[in-house]
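Chemist: sequence first, predicted coordinates after that:
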Amino acid sequence: SSIDWRTAKRYATAAAPPRYGPRARPAELTAAQLAHIERRLTTCPDLRVTVLLRELRDDCGYRASYTSLRRRVVGLRPAAEEEPEVRFETGPGIQTQGDWTDCGSWPLGDGSAELFAWVAVLGFSRMPALRFATDKTRATTLATIVRTSDDLGGATAEYLTDRDTALVNGATADGRAIYAPEWLDTAALLGTRPRACRAYRAKTKGKVERVNREVKADFLAWLGGQVLPERPTLDWYDAAARRWATEVVAKRRHRTTERIVGEAWAEERPLLLPVSRRVLARYEGGDTLVALPDGPPPAPARLEPIVEPVETRSLDVYAELAR
């Protein structure tokens, strides 16, 4: 039982049930003090009571205790409003989402190393691509973005990421991301437009977050049961990831879109802007993604796109983003 034995004894031996007096009520607030609290909590719902106490004592003549004020603030603080989750879809060739995921320690060469995977996923078809690395520096991040874009068949009109410091240098006063010049240059070479999630809006890139979970729960779990080479390389891990993407993920029917991922990818690929060999060479690119198990995606008659086909943007577009 959660009842203290002393409480039980007091009730058992008392001639009548014990009665408790009324709780001490918090000190009353003047109209000015109440207005100040309501105004401050409206603009900053998470404002600490200690800050309010200091302000009230300095500016509004409040003399009661911290405990008394805390009791009053509990009833005045506005309830936290959860941002509704809105599921949205993008047309073929419109958006790629990318993000790093930590994969843990794995054999590499003659020893072991912490491996990270840059995960990219096409927003329409949900086709993923992974590239492994031992660091998440700016140079490595940009190289993996280029390589995964090539693995997917090309670049989409925009590329959505979080505010990774490898890609974003900071934010303006109104919250807009300030993109790193190197990321703007790479995006221009790919023919895509960089986009960054708003601060504290991680759910905006929920498609890649979902794939990140699958990488850990599905791909890495499968990889842990494989016979590894004597000296595994990053290229070997990349090849294993390509095999998982084409032989496992591409054959699935996606629960949200209700399309076979590989079939939707074949529909989306003609609308992607291919990555040039020159750009790949600049970022030490390797082989492109292996074809689907039953051969390369057919070249269907060009479908009427939901949006205009992707075109190479002028550098002036990206100069505007950096302002």
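Modeler: On my side now, so go ahead. Numbers count the residues shown, from 1 in each chain.

Chemist: quick check: buried residues in the strand ranked longest in the chain?
Modeler: Longest strand of the chain, by residue count under DSSP state E: strand 95-108. For strand 95-108, a neighbour-count test (16 or more other CB atoms under 10 Å) marks 95, 96, 97, 98, 99, 100, 101, 103, 106, 107, 108 as buried. Where you see a C-beta, it was placed from the backbone N, CA and C, and this is true even at glycine.

Chemist: and the residue nearest to residue 193 when sequence neighbours are not counted, what does it touch?
Modeler: Leaving aside its sequence neighbours, residue 193 sits nearest to residue 158 (CB to CB, 6 or more residues apart in numbering; 4.6 Å). Residues in contact with residue 158 (CB atoms under 8 Å, 6 or more residues apart in numbering) are 94, 95, 96, 192, 193, 194, 195.

Chemist: repeat for residue 282
Modeler: Counting by CB under 8 Å, 6+ apart, residue 282 has contacts residue 189.

Chemist: distance check, it against residue 137.
Modeler: 17 Å (CB to CB, to the nearest Å).

Chemist: quick check: pLDDT value at residue 17.
Modeler: Per-residue pLDDT puts residue 17 at 77.

Chemist: do the same with the one 5 residues further on
Modeler: The per-residue pLDDT reported for residue 22 equals 69.

Chemist: what ranges does this structure have for its helices?
Modeler: Along the chain, counting by DSSP state H, helices occupy 5-13, 31-43, 49-59, 66-76, 138-151, 181-190, 206-214, 220-223, 234-247, 261-268, 277-282, 315-321.

Chemist: helix 31-43 and the fourth one, what's the angle between them?
Modeler: Which is helix 66-76. Helix 66-76 runs at 60 degrees relative to helix 31-43, counting by axes from the mean of the first three to the mean of the last three CA atoms, to 10 degrees.

Chemist: repeat for the fifth one
Modeler: Orientation of helix 138-151 against helix 31-43 (the same axes, to 10 degrees) gives an angle of 50 degrees.

Chemist: can you tell me how far residue 197 sits from residue 46?
Modeler: 21 Å.

Chemist: between the two, who's got more neighbours?
Modeler: Regarding residue 197 and residue 46, a neighbour count based on other CB atoms under 10 Å identifies residue 197 as having more, with 18 against 7.

Chemist: what about the residue nearest to residue 49 when sequence neighbours are not counted, how many neighbours?
Modeler: The shortest distance from residue 49 to any residue other than its chain neighbours is 4.8 Å, reached at residue 70 (CB to CB, 6+ apart). Other residues lying near residue 70 total 15 when counted by other CB under 10 Å.

Chemist: can you check residue 39 too?
Modeler: 10.

Chemist: equivalent analysis for residue 259, please.
Modeler: Other residues close to residue 259 by other CB under 10 Å number 16.

Chemist: once you drop chain neighbours, what's closest to it?
Modeler: residue 253 (6.9 Å).

Chemist: what is that neighbour paired to in the beta sheet?
Modeler: Residue 253 has these beta-bridge partners by DSSP bridges: residue 260.

Chemist: that one contacts residue 264, doesn't it?
Modeler: No - using CB atoms under 8 Å, residue 253 is not in contact with residue 264; the gap is 10.0 Å.

Chemist: same list, the helices of the chain, but as CSV with distance to residue 174 and mean pLDDT please.
Modeler: Below are the helices of the chain laid out as CSV (distance: least, CB to CB, whole Å; pLDDT from 0 to 100):
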stretch, distance to residue 174, mean pLDDT
helix 5-13, 57, 84
helix 31-43, 17, 80
helix 49-59, 25, 86
helix 66-76, 29, 85
helix 138-151, 25, 95
helix 181-190, 19, 91
helix 206-214, 25, 85
helix 220-223, 40, 85
helix 234-247, 38, 92
helix 261-268, 34, 93
helix 277-282, 33, 89
helix 315-321, 14, 49
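
Chemist: now distance to residue 117 too, for those helices, in TSV please.
Modeler: Output for those, formatted as TSV (distance: least, CB to CB, whole Å):
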stretch	distance to residue 117
helix 5-13	57
helix 31-43	41
helix 49-59	42
helix 66-76	45
helix 138-151	8
helix 181-190	19
helix 206-214	8
helix 220-223	9
helix 234-247	7
helix 261-268	18
helix 277-282	19
helix 315-321	27
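
Chemist: closest one to residue 164 among the ones you listed?
Modeler: Closest to residue 164 of the helices of the chain is helix 138-151 (CB to CB; 6.9 Å).

Chemist: what count of nearby residues applies to residue 261?
Modeler: Neighbour tally, residue 261, other CB under 10 Å: 24.

Chemist: cool, and residue 263?
Modeler: Neighbour tally, residue 263, other CB under 10 Å: 15.

Chemist: with residue 76 instead?
Modeler: Counted with other CB under 10 Å, residue 76 comes out at 14.

Chemist: OK, contacts around it?
Modeler: Residues in contact with residue 76 (CB under 8 Å, 6+ apart) are 34, 37, 38, 41.

Chemist: what number of residues are in the vicinity of the second one?
Modeler: Put plainly, it is residue 37. Using other CB under 10 Å: residue 37 sits among 23 other residues.
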